[in-house]
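Novice: no letters, just coordinates:
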């Protein structure tokens with residue numbers, strides 16, 4: 001804090017308003033116009049609104065009014081009142097400075113508020129009423145035709161209260177208008193850096209993120225990170241700081257794109273999103289269904305269902321075919337029996353029991369079908385899933401219900417399957433080395449449940465043969481999910497009816513900051529393992545540079561799988 005000489009007991013204490021007492025949930029004030037552009041679907045609105053203000057200030061000076069600005073964009077005049085309403089909705093108090101104001105007020109000082117602002121006085125009075133700020137005088141450049149920038153507003157306040165300059169103290173965030181100008185008039189001054197500038201000065205990675213991503217999305221994410229309170233629990237901090245923006249932005253996408261059908265969230269990846277969507281719109285019809293790939297693999301296996309023999313190629317002549325056949329048999333045994341089978345003679349064991357396994361599979365499939373139909377009901381189904389390449393969950397639901405559905409996916413990696421009705425938050429533009437850009441978002445959208453390996457009596461059978469890290473994850477996930485929903489609630493409380501859509505690549509880049517060196521979230525992630533296979537047999541570290549050999553093996557398997565698809 002910089003303070004110039006002033007009487008120890010000023011009669012009048014003047015506070016700047018915007019970025020001092022009042023703050024918005026953006027890095028830049030003009031990002032409000034970018035939000036308006038997206039919410040009202042008016043291409044070019046932000047740039048035209050910004051330029052109109054520049055032109056008005058150049059022609060009129062700092063006493064410019066909102067009317068003066070919109071006179072220069074007459075075809076957009078209908079948005080003037082919308083801008084005022086949004087400003088009032090989004091404004092928040094800067095608690096640190098409001099507490100200081102209240103302290104001066106308790107000392108009996110006269111509190112005045114001064115701002116070079118184009119908004120009408122009535123709008124600013126509504127803001128102050130909303131934030132609970134009490135004052136004795138309000139001086140707005142657009143109202144009195146004088147400004148802090150040229151000193152005339154300060155002279156006007158001195159005359160209004162009939163005080164000498166050394167009987168007044170002014171506090172604000174602008175080094176010129178709030179410090180140099182009043183100091184030149186011998187008014188006591190106290191410079192206070194705005195909260196967002198103070199945040200960016202100490203957050204290098206976040207500052208770089210802000211420069212390299214979608215301006216509106218990055219502005220909101222960084223501003224909300226500045227506003228939220230850090231959680232000392234690393235799992236809750238991971239959920240609140242990184243999972244929160246991901247869960248909110250995907251949920252907002254779903255609310256903007258769903259039709260009239262029942263939103264059925266795929267277990268496990270729809271767990272947090274389902275709760276967020278229900279929080280944001282409690283009127284929606286929702287469900288939660290176990291539609292893991294392992295069900296499609298088993299229930300669509302015609303040789304298994306028909307009780308036919310399965311041949312395992314030799315490992316020397318056909319290594320890929322051998323590996324696939326062995327993995328297929330292990331999946332069947334693990335799904336239909338109570339034990340994982342590691343016997344080297346899987347082919348013989350299966351063929352000796354193929355009739356029994358076929359009957360068991362058909363019975364399990366019918367039980368599963370009944371359960372899925374209870375979740376989906378008779379409504380049109382809109383399936384919500386996280387990451388997909390072959391739309392396995394979509395195909396499974398259509399196969400079980402016997403009718404077409406639509407799906408909403410977070411990420412679609414490749415369009416290998418045609419004639420699928422879907423939309424996606426992101427169609428991934430490229431392969432990601434180590435898959436961290438896919439695995440970590442999927443990790444953050446998971447659930448406290450362990451992986452599903454089978455189905456019995458209308459309920460999933462969970463896999464207990466998992467790494468210790470997965471057991472830890474399952475035990476801590478309720479805390480992570482609660483923190484994610486806390487972030488969603490914070491966005492809702494902040495933006496009200498103006499919930500912002502977000503760009504997925506910017507959100508994904510923010511999530512990747514969880515792996516920054518020294519981050520408490522990286523300390524959580526580096527101990528975690530993740531598996532994407534249908535039978536969860538390929539557990540590898542989720543942070544790509546931890547466990548390089550495992551990652552190289554994973555990439556090699558992915559490449560070979562796609563070459564032989």
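Specialist: Thanks, I have it. Given the structure is predicted, the values throughout are model-derived calculations rather than measurements.
Novice: next, residue 286: phi, psi?
Specialist: Residue 286 has phi and psi values of phi -130, psi 160 when expressed as degrees, to the nearest 10.
Novice: quick check: it touching residue 280?
Specialist: No - contact criterion C-beta atoms under 8 Å: residue 286 and residue 280 do not qualify, at 11.5 Å. From N, CA and C alone the C-beta is placed, and that goes for glycine too.
Novice: pLDDT score for residue 243?
Specialist: You'll see residue 243 listed with a pLDDT of 98.
Novice: test my guess that it contacts residue 480.
Specialist: Yes - with contacts counted by C-beta under 8 Å, residue 243 reaches residue 480, the gap being 6.2 Å.
Novice: overlap in contacts of those two?
Specialist: Residues touching both residue 243 and residue 480 (C-beta atoms under 8 Å, 6 or more residues apart in numbering): residue 444.
Novice: other residues contacting stretch 358-375?
Specialist: 264, 287-289, 291, 295, 298-299, 301, 304-307, 332, 335-336, 397, 400-401, 454-459.
Novice: picking that back up, neighbour-wise, which of residue 243 and residue 480 wins?
Specialist: residue 243 (30 against 26; other C-beta atoms under 10 Å).
Novice: which stretches of this structure have low pLDDT?
Specialist: Counting by pLDDT under 70, the chain contains low-confidence ranges at 1-8, 339-343, 430-434, 544-565.
Novice: got the domain ranges for it?
Specialist: With domains defined by automatic domain parsing, the chain comprises 2-200, 206-294+381-563, 296-367.
Novice: make CSV from these and add distance to residue 374 to it.
Specialist: Shown next, in CSV, are those (distance: least, C-beta to C-beta, whole Å):
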stretch, distance to residue 374
domain 2-200, 38
domain 206-294+381-563, 9
domain 296-367, 11
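Novice: now the end-to-end length of stretch 183-195.
Specialist: 23 Å (C-alpha to C-alpha, to the nearest Å).
Novice: in it, what counts as buried?
Specialist: 183, 187, 188, 189, 190, 191, 192, 194, 195 (16 or more other C-beta atoms under 10 Å).
Novice: what two of the residues you listed are the furthest from one another?
Specialist: Farthest pair in the buried residues of stretch 183-195 (C-beta to C-beta) is 187 and 195. Separation: 23.9 Å.
Novice: burial check on the residue nearest to residue 450 when sequence neighbours are not counted, number of neighbours?
Specialist: Closest residue to residue 450 apart from its sequence neighbours, by C-beta to C-beta, 6 or more residues apart in numbering: residue 462 at 4.2 Å. Residues lying near residue 462 (other C-beta under 10 Å) number 13.
Novice: what's the answer for residue 352, then?
Specialist: Per other C-beta under 10 Å, the neighbour tally for residue 352 reads 11.
Novice: which parts of the stretch 201-350 of the chain are helices?
Specialist: 204-212, 215-227, 234-238, 244-257, 271-280, 293-299, 302-305, 319-336, 346-376 (DSSP state H, counting those that start in this stretch).
Novice: just read off the phi/psi values of residue 387.
Specialist: According to degrees, to the nearest 10, residue 387 has phi -110, psi 130.
Novice: for PyMOL, write the select line for the buried members of the contacts of stretch 358-375.
Specialist: Applying 16+ other C-beta under 10 Å to those leaves a buried subset, and the PyMOL line that selects it is:
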select buried, resi 264+287+288+289+291+295+298+299+301+304+305+307+332+335+336+397+400+454+455
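Novice: you'd agree residue 195 is up against residue 226?
Specialist: Yes - counting by C-beta under 8 Å, residue 195 does reach residue 226; the two are 6.1 Å apart.
Novice: what about residue 392, distance to residue 220?
Specialist: Here the criterion is C-beta to C-beta, to the nearest Å. By it, residue 392 lies 34 Å from residue 220.
Novice: please apply the same query to residue 521.
Specialist: Distance, residue 521 to residue 220, by C-beta to C-beta: 20 Å.
Novice: could you do residue 118 as well?
Specialist: For residue 118 relative to residue 220 (C-beta to C-beta), the value is 23 Å.
Novice: so those two - more neighbours on which side?
Specialist: Remark: of residue 118 and residue 220, residue 220 carries more neighbours, 26 against 22, as counted by other C-beta under 10 Å.
Novice: which residues are in contact with that one?
Specialist: 25, 26, 31, 35, 500, 502.
Novice: identify the residues contacting the second one.
Specialist: Just to be clear, that refers to residue 26. 32, 35, 219, 220, 223.
Novice: what secondary structure does it sit in?
Specialist: The three-state label given to residue 26 by DSSP: H, G, I helix; E, B strand; the rest coil is coil.
Novice: same thing with the fifth one?
Specialist: Here residue 500 is coil, with the state taken from three-state DSSP.
Novice: does it really touch residue 214, like I thought?
Specialist: No - using C-beta under 8 Å as the test, residue 500 is too far from residue 214 to be in contact (11.1 Å).
Novice: okay, and the common contacts of these two?
Specialist: In terms of C-beta under 8 Å, 6+ apart, residue 500 and residue 214 are not both contacted by any residue.
Novice: which one's more surrounded, the two?
Specialist: A count of neighbours by other C-beta under 10 Å puts residue 500 above the other of residue 500 and residue 214, at 23 against 17.
Novice: please report how far the more buried one lies from residue 513.
Specialist: 20 Å.
Novice: and the spatially most central residue of the chain, what does it touch?
Specialist: Nearest to the mean C-alpha position of the chain, by C-alpha atoms, centre = their mean, lies residue 245 at 1.8 Å. By C-beta under 8 Å, 6+ apart, the residues touching residue 245 are 221, 224, 487, 502, 507, 510, 511.
Novice: try it again at 7 Å.
Specialist: 221, 487, 507, 510 (C-beta atoms under 7 Å, 6 or more residues apart in numbering).
Novice: go on, residue 380?
Specialist: Neighbours of residue 380 in contact, by C-beta under 7 Å, 6+ apart: 260, 261, 262.
Novice: how about residue 387?
Specialist: Contacts of residue 387 by C-beta under 7 Å, 6+ apart are 410, 411, 413, 438, 442.
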